[in-house]
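Student: based on what follows, work out the 3D shape:
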Amino acid sequence: MRTYAFGVDIGGTTIKMGLFKTDGTLLEKWEIPTRTELDGVNILPDIAKAVTLKMKEKSIPTYEVKGIGIDVPGPVSEDGTVYKCVNLGWGVFNVVDRMNELLPTIPNVACGNDANVAALGEMWMGGGKGHDSIAMFTLGTGVGGGIVMNGKIVAGSNGAGGEVGHMCVNPSETVPCACGNYGCLEQYASATGIVRMGKLMLEALDGPSMLRGMEDISAKDICDAAREGDEVALSIVDRCGEYLGRAMSAVGVTMDPEVYVIGGGMSRAGAVLIDAIVKYFERYAFHVSKSTPVVVAELGNDAGIYGCARLIL
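Tutor: Residues are numbered from 1 along each chain as shown. Below you'll find the model as predicted:
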């Protein structure tokens, strides 16, 4: 029986790696640098070397390794073909085929988009544990997402499945999103988006606020002030929650998940944000879905490696 699996989360600066038991137990995690020079030609060989060294260090024979799951910051097709991972310097090629060349004795290799894979990890061992169908919203510098239905990632025909951050929630927006469209959820619910929106609301709203004396406002500042009862900050978080609740209601009538999982740095706002989301989700959701729970992700930065291990299990 094959006992071990590797999960590999490729980021633009570091590659997070995890050694797992096939029952989901994380035995060890470590990082190696992401060498993006020369169009990222060294990234997969570095991963293969790190896996080989760990197996040698732990005296793990090849016949006890179930496989390796890898995620990448870009669109990925079901067969493991990546389509231009700009942050890695990659063009279009098949990650699974290349890893099979580098580690021919490892029986299973799988590859997925990082946000989708993080959702799979949260479904398996995190905030969505015990469920087979979840929708994850990752609120960081941008807004990512992942859809898992019946235990499987929904990547879509172009690898764009789960790109909830680019759902249009405000067709009246005149400022373009980084993707080139207008009114994307990312423009209001990401860390950068809530700051941009917050500054505009500070100018428009009357009343005292601890935010007014700050030179450089951060998303954390806004959420901290809201938790302390600052009325202006609460209004900003409320607006953010409205856009998220509206987006989730749209996902609800599309795939009707068992649970919504909120991850990323913004999720650390906790109840003040979750309460705002739930208030508007219950307003906009289809009647049979209004009670779908909204929870905070539990795996943090380890969601990717968990999801990668799950890919090959």
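Student: which residue ranges form the helices in the stretch 201-313 of the chain?
Tutor: Here the stretch 201-313 of the chain has its helices, by DSSP state H, counting those that start in this stretch, at 219-227, 231-255, 271-284, 303-311.
Student: out of the ones you listed, flag the one nearest residue 57.
Tutor: With distances scored as CB to CB, the stretch of the helices of the stretch 201-313 of the chain nearest to residue 57 is helix 303-311 (17.6 Å). C-betas here are computed from N, CA, C, even on glycine.
Student: and that closest one, what's its mean pLDDT?
Tutor: Summarised as a single mean, pLDDT over helix 303-311 is 96.
Student: next one: it to chain centre, how far?
Tutor: 12 Å (CA atoms, centre = their mean, to the nearest Å).
Student: give me the contacts around that helix.
Tutor: 5-9, 16-18, 20, 24, 26, 29, 68-71, 110-112, 114, 116-126, 263, 297, 299 (CB atoms under 8 Å, 6 or more residues apart in numbering).
Student: before we move on, the earlier item: need the helices of the stretch 201-313 of the chain in CSV (columns: mean neighbour count and distance to residue 53).
Tutor: Conversion of these to CSV gives the following (neighbours: other CB atoms under 10 Å; distance: least, CB to CB, whole Å):
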stretch, mean neighbour count, distance to residue 53
helix 219-227, 21, 38
helix 231-255, 21, 41
helix 271-284, 19, 41
helix 303-311, 29, 17
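Student: now render those helices as a markdown table, adding distance to residue 291.
Tutor: As requested, these are arranged in a markdown table below (distance: least, CB to CB, whole Å):
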| stretch | distance to residue 291 |
| --- | --- |
| helix 219-227 | 25 |
| helix 231-255 | 11 |
| helix 271-284 | 8 |
| helix 303-311 | 25 |
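Student: so for residue 62, which of those sits nearest?
Tutor: Among those, helix 303-311 comes nearest to residue 62, with 17.1 Å by CB to CB.
Student: wait, which of the helices of the stretch 201-313 of the chain is closest to residue 133?
Tutor: Comparing the helices of the stretch 201-313 of the chain by CB to CB, helix 231-255 comes nearest, at 7.0 Å.
Student: and that closest one, what does it pack onto?
Tutor: Secondary-structure packing of helix 231-255 (3 or more CB pairs under 8 Å, 6 or more residues apart in numbering; DSSP states H and E): strand 134-139, strand 143-149, helix 186-189, helix 191-204, helix 219-227, helix 271-284.
Student: need the contact list for residue 267.
Tutor: Contacts of residue 267 (CB under 8 Å, 6+ apart): 139, 273, 296, 297.
Student: hmm, the third one is touching residue 127, no?
Tutor: Which is residue 296. Yes. Residue 296 is within contact range of residue 127, at 6.1 Å (criterion: CB atoms under 8 Å).
Student: shared neighbours, these two?
Tutor: By CB under 8 Å, 6+ apart, the residues touching both residue 296 and residue 127 are 261, 263.
Student: which one of these two has more residues nearby?
Tutor: Per other CB atoms under 10 Å, whichever of residue 296 and residue 127 has more neighbours is residue 127, with 26 against 17.
Student: pLDDT score assigned to residue 213?
Tutor: Confidence score, pLDDT, at residue 213: 83.
Student: against residue 221, how distant is it?
Tutor: Here the criterion is CB to CB, to the nearest Å. By it, residue 213 lies 11 Å from residue 221.
Student: for residue 37, same thing?
Tutor: The gap separating residue 37 from residue 221 is 36 Å, by CB to CB.
Student: cool, residue 193 as well?
Tutor: For residue 193, the distance to residue 221 - CB to CB - is 15 Å.
Student: name the SS class of the residue nearest to residue 51 when sequence neighbours are not counted, please.
Tutor: Nearest non-adjacent residue to residue 51, counting by CB to CB, 6 or more residues apart in numbering: residue 6, 5.6 Å away. On the three-state scheme (DSSP: H, G, I helix; E, B strand; the rest coil), residue 6 is labelled strand.
Student: next: residue 15.
Tutor: strand.
Student: so it touches residue 7, yeah?
Tutor: No. Shown here, residue 15 and residue 7 do not form a contact pair, counting by CB under 8 Å, at 10.9 Å.
Student: pLDDT score assigned to residue 159?
Tutor: Predicted confidence (pLDDT) for residue 159: 75.
Student: quick one: contacts for the closest residue to residue 289 other than its chain neighbours?
Tutor: Nearest residue to residue 289 in three dimensions, chain neighbours excluded: residue 252, at 4.4 Å (CB to CB, 6+ apart). Counting by CB under 8 Å, 6+ apart, residue 252 touches 281, 285, 286, 289, 292.
Student: for residue 285, same thing?
Tutor: 245, 248, 249, 252, 292.
Student: for it, grab phi and psi.
Tutor: When quoted as degrees, to the nearest 10, the phi and psi of residue 285 stand at phi -70, psi 150.
Student: now the helices for the stretch 51-200 of the chain?
Tutor: Using DSSP H, counting those that start in this stretch, helices in the stretch 51-200 of the chain cover 95-102, 114-125, 186-189, 191-204.
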